[in-house]
Structure formats: C-alpha cells, structure tokens
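A.B. asks: pasting a predicted model and its sequence here:
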Amino acid sequence: MVALNSTEMAERLLELAVERGAIRYGDFTLSSGKKSSYYFDGRLLSLDPEGAHLIGNALLPLLADAGVSAVGGPTLGADPIVTAAAMASWQQGAPLPAFIVRKEAKGHGMTQMIEGPVPEGASVAIVDDTCTTGGSLFHAIGAAEEAGCTVGLVLALLDRNEGGSDAIRERGYRFETLLTAGEDGRIRPA
Ligand SMILES: O=P(O)(O)OC[C@H]1O[C@H](OP(=O)(O)OP(=O)(O)O)[C@H](O)[C@@H]1O
C-alpha cells in the first residue's frame, strides 16, 4: 500500500465511508436523544480492513504528538479503533497499549470499569468513533482519571460539532478529530 500523509488518510477515510455506506441521510434519533438528518456508522469503517488500517495510522501522529503512552475509549465504538491504533503503533515500532472503558462496572461484586492494560499514572488518549454531546467520551475520561491516568488527548473519528467537542475543550482537554461535520451534515476532513 502506498504511504499516505495525514490529510490523504483523512480524505481516503471519508471516501471509504461513502463507499461502505457509513454515512446515511434521513431522520435519525441518536443515542443521546438528539435528532439528526444523518447518521455516521463508524463501525462500518473501523471493522473494515482498509478502514482499520487507515484509522490506526491516521491516529498515530496525533498520539505521538501528544506524547501519550496508551490509548483507550468507550465500548463499543472505540473497541476496534483502539485495537487498530495499538496494532499500527506496534508496526511503527512505538507500541502503545490499548484499553476499553465499559459502560457499566462488570458486576458480580466487581467494580472494574476498564478492560486491558492501563499503566498507572500514565498520560493516555481517549478516542471514540463519534462525538455528539461528548457524553461517551466524558464517561471514558472519568474512568481513566479514576484509574490514576491523566488524559493528554481526546480524539474522535468524526466530530459532529453539536457541542461535545466544545465542552471537552472548555474542560481543558485537547480535542482532535479526523473528520468534521457542518451544520448541514456535510462531512469533510478536519
Ligand atoms: O457524544 P455522544 O452523545 O456520547 O455520542 C457519541 C456516542 O454515541 C454512539 O454510541 P452509542 O451510545 O450509540 O453506543 P454504542 O457505541 O454501544 O452503540 C457512538 O459510538 C459514541 O460512543
């Protein structure tokens, strides 16, 4: 595969999203209860072989720039994303472990919220497929901080620009996205 720069990777990711039907237009109600004229199914990208490769490699420079030592995110949108990032990081010779934040504690008397290796005291990145209200990202940020990590970067594949990324930045976190949406739902590379 030809090596692509960051802009080319985001452009190809958007092209692939269209090819895979990951962007659909219509009347949707998102999990936050918000109404939307479009839906972005990040799983159709992150579980696609080329999509996973692109996502992992597109995230690497952002993770490296933030100097984080692990990457995690809220299940289930982030599950294949953090796996792709971990694999890409290993292939590039700078391995970053991945972790997943559960929606709820495991139960049966176990309070564990995080699955996977989380180096205590580490600076980590938190990533998700989409950011709408930011609720899922805030949930994962909270779990990582509770586990003793500092959050050096928050990432999304797509920022829907509906308040979530602003709220995350207002709380003092660095936020980056690969794709960004206009008010009309038109998606473009960030
Ligand atoms: O910024 P927010 O308002 O939190 O919206 C974004 C979240 O919504 C979707 O997950 P969903 O809640 O549908 O759960 P799922 O990933 O388990 O399907 C998506 O995968 C993000 O995690």
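C.D. replies: Now that the structure is in, tell me what you want to look at. Numbers count the residues shown, from 1 in each chain.

A.B. asks: elements contacting the longest helix along the chain?
C.D. replies: Longest helix of the chain, by residue count under DSSP state H: helix 49-66. Helix 49-66 sits against helix 6-19, helix 43-46, helix 79-91, strand 123-131, strand 150-159, strand 175-181, with contacts defined as 3 or more CB pairs under 8 Å, 6 or more residues apart in numbering; DSSP states H and E. Every C-beta, even on glycine, is put in place using the N, C-alpha and C of the backbone.

A.B. asks: again, only using 10 Å
C.D. replies: Packing contacts for helix 49-66, counted by 3 or more CB pairs under 10 Å, 6 or more residues apart in numbering; DSSP states H and E, involve helix 6-19, helix 43-46, strand 70-74, helix 79-91, strand 123-131, strand 150-159, strand 175-181.

A.B. asks: buried ones in that helix?
C.D. replies: Within helix 49-66, the residues that count as buried by 16 or more other CB atoms under 10 Å are 51-60, 62-63, 66.

A.B. asks: nearest to R174, of those residues?
C.D. replies: Ranked by distance to R174 (CB to CB), the buried residues of helix 49-66 are led by A66 at 6.6 Å.

A.B. asks: just give the nearest non-adjacent residue to that closest one, would you?
C.D. replies: L153 (3.8 Å; CB to CB, 6 or more residues apart in numbering).

A.B. asks: re the thing from before, wait, which of the buried residues of helix 49-66 is closest to the ligand?
C.D. replies: Each of the buried residues of helix 49-66 was checked against the ligand using CB to the nearest ligand atom; the closest is I55, at 13.7 Å.

A.B. asks: and the pLDDT at the closest one?
C.D. replies: With respect to pLDDT, I55 has a value of 98.

A.B. asks: and M9, how many neighbours does it have?
C.D. replies: Neighbour count of M9, defined by other CB atoms under 10 Å: 22.

A.B. asks: pretty sure it is touching L178, no?
C.D. replies: Yes: look at M9 against L178 with CB atoms under 10 Å: they come within range, at 7.8 Å.

A.B. asks: now the common contact residues for these two.
C.D. replies: Shared between the contact lists of M9 and L178 (criterion: CB atoms under 10 Å, 6 or more residues apart in numbering) are residues L54, I55, A58, L59, P189.

A.B. asks: touching the ligand at all, stretch 151-158?
C.D. replies: No: Stretch 151-158 stays clear of the ligand (CB under 6 Å from any ligand atom), getting no nearer than 8.2 Å.

A.B. asks: pull out the buried residues from stretch 177-190.
C.D. replies: Under 16+ other CB under 10 Å, the buried positions of stretch 177-190 are T177, L178, L179, T180, A181, I187, P189, A190.
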